[in-house]
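In: What would the 3D arrangement of this be:
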Amino acid sequence: MTDKPKVAHRNRWLVLAMLLVVYTFNFLDRQILGILAVPIQENLGLSDSEFGIIGGTAFAILYSVLGVPLALLADKVGKSRVIAGSLVVWSGFTALCGTAWGFWSLFLYRLGVGVGEAGGVAPSYALIADYFPVKERARAIAIYSLGIPIGLGSGVLLGAYIAANVNWQAAFITVGIAGILVAPVFLWIVRDKPMPKPEGVREPMLAVLGILSRKPAFWLLATGAGCSSMAGYGLALWVPKIIAVQFGWTQPGELVKVGQFMASLLLIGGTAGMFLGGVVSDKLAASDRAWYARVPAIAWVLTAPLFMAGLLTTSPVLAWCFLIFANAFNTLWLGPLVTASQHLAPARMRAGTSGAFLMINNLLGLGIGPWLMGAISDQLKGGYGVDSLRYAAIICVGLYLVAAVLVLLAIRSLKRDWVEGEA
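Out: All right, here's what the predicted structure looks like:
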């Protein structure tokens, strides 16, 4: 009898570990495009605007929209099944990116990657909420979200090494096949936790959206996260190329140097910030839920000037010092804001709630951010030449300050809109 709690405790951390592995592939498959920007643009003849569309808009079109129905499907047919199936789809299309011959073929393949990844995140958030009590949830989501910096860092490092030693096509094919091989292992280990549900209750999409649409906290938190993601996803796609130009690392053999520089920032800064965001917000929000909004707001206010300083300096050492902290503060928001958003609707609607939150976040962040940075760069080329992308990024990091204001405005309604209770 005494062993059962220990087994349950061990199982939930194993589930979290497998979710982390899948999420790492999620962002590895996204970020590998960024480190390959120079060879892809040269080989396929793409402008900054076109590459921004492929890196963000193409991915976001169906990724954002399908997130809600796939999240609701996960509530009905099983979260682990939807996650595993999604992993196979997005990994398969990632491998196909290695066969692209022009703008439209790469656009369509990235569209397919977005379709697959649409079914991964919201059901994962819901599984974490099923396995972890509310007092540990922001921490668990923060650990799961370590997949973002680990995936981003692995993407730039692996992409750089494979492209330098083989070609950019081989980089896509390699990581795509690896993701497909992980899917059956995930499905074998991860099981949905049985959840009691009142008989006769159904949760159609309109029911979930109907509840959320009446809550100002949801709109302010989701839009604030979206503004942050516009800057964040734009930087994730373009900073490898900016760094290469900024420090003159533009020769084919120097791609690995850019990959190492970026990987160290993402793996050290990103993982530290992601984990601390969950731990700090769990501790502070135990006495005041407003900290779920205050922690991200404070972090974003610090993020903007640090990115500006890192992108303006001519010293790689100084840039690394500024950007390591910028990457840490940039990732603090995920644990607290996702936890807060899940308490804006009843527990049985968690996957649908997460899907709605992610839909807004990704339509703004992925749909607009990478394209916007590329479009501004194209407009600035006449005056700034090869540095146009760097100044476009500096303009866009101002969105972090907008995000901070929006989530601070959400504090009063967050306390009123909060839904207590567990499933």
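In: where does the chain dip in pLDDT?
Out: The chain contains residues with pLDDT under 70 at 1-10, 194-205, 351, 420-423.
In: mind listing the helices for the stretch 51-200 of the chain?
Out: 58-77, 79-97, 103-117, 121-131, 134-144, 147-165, 168-189 (DSSP state H, counting those that start in this stretch).
In: closest one to V301 among these?
Out: Closest of those to V301 is helix 134-144, at 19.8 Å (criterion: Cβ to Cβ). Backbone N, C-alpha and C define where each C-beta goes, glycine included.
In: In CSV, could you pull the C-alpha coordinates for that closest one?
Out: Only the C-alpha atoms of helix 134-144 are listed here, as CSV (Å, rounded to 0.1, in the frame of the first residue of the first chain):
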residue,chain,number,x,y,z
VAL,A,134,-2.1,23.3,-9.1
LYS,A,135,0.6,24.1,-6.6
GLU,A,136,3.2,22.4,-8.8
ARG,A,137,1.7,23.1,-12.2
ALA,A,138,3.6,26.2,-13.3
ARG,A,139,6.8,24.4,-12.4
ALA,A,140,5.8,21.3,-14.4
ILE,A,141,4.8,23.4,-17.4
ALA,A,142,8.1,25.3,-17.1
ILE,A,143,10.0,22.0,-17.1
TYR,A,144,8.0,20.8,-20.1
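In: Just the buried positions in it, please.
Out: For helix 134-144, the neighbour count (16 or more other Cβ atoms under 10 Å) marks V134, R137, A138, R139, A140, I141, A142, I143, Y144 as buried.
In: Distance check, the third one against G355.
Out: By that I understand A138. The spacing between A138 and G355, counted by Cβ to Cβ, to the nearest Å, is 19 Å.
In: In the protein, where's the longest helix?
Out: The helix that spans the most residues within the chain, counting by DSSP state H, is helix 350-384.
In: for this protein, which residue is closest to the average position?
Out: I148 (5.7 Å; Cα atoms, centre = their mean).
In: still on that earlier bit, can you put the helices of the stretch 51-200 of the chain in a markdown table and add distance to M262?
Out: Shown next, in a markdown table, are the helices of the stretch 51-200 of the chain (distance: least, Cβ to Cβ, whole Å):
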| stretch | distance to M262 |
| --- | --- |
| helix 58-77 | 19 |
| helix 79-97 | 19 |
| helix 103-117 | 20 |
| helix 121-131 | 23 |
| helix 134-144 | 22 |
| helix 147-165 | 4 |
| helix 168-189 | 14 |
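In: among these, which is nearest A328?
Out: Among those, the nearest to A328 by Cβ to Cβ is helix 147-165 (9.2 Å).
In: so what secondary structure elements neighbour that closest one?
Out: Under the contact criterion of 3 or more Cβ pairs under 8 Å, 6 or more residues apart in numbering; DSSP states H and E, helix 147-165 touches helix 3-35, helix 168-189, helix 255-264, helix 271-285.
In: From what I see, the residue nearest to the centre of the chain and G270 are in contact.
Out: Yes - counting by Cβ atoms under 8 Å, I148 touches G270, with 6.5 Å between them.
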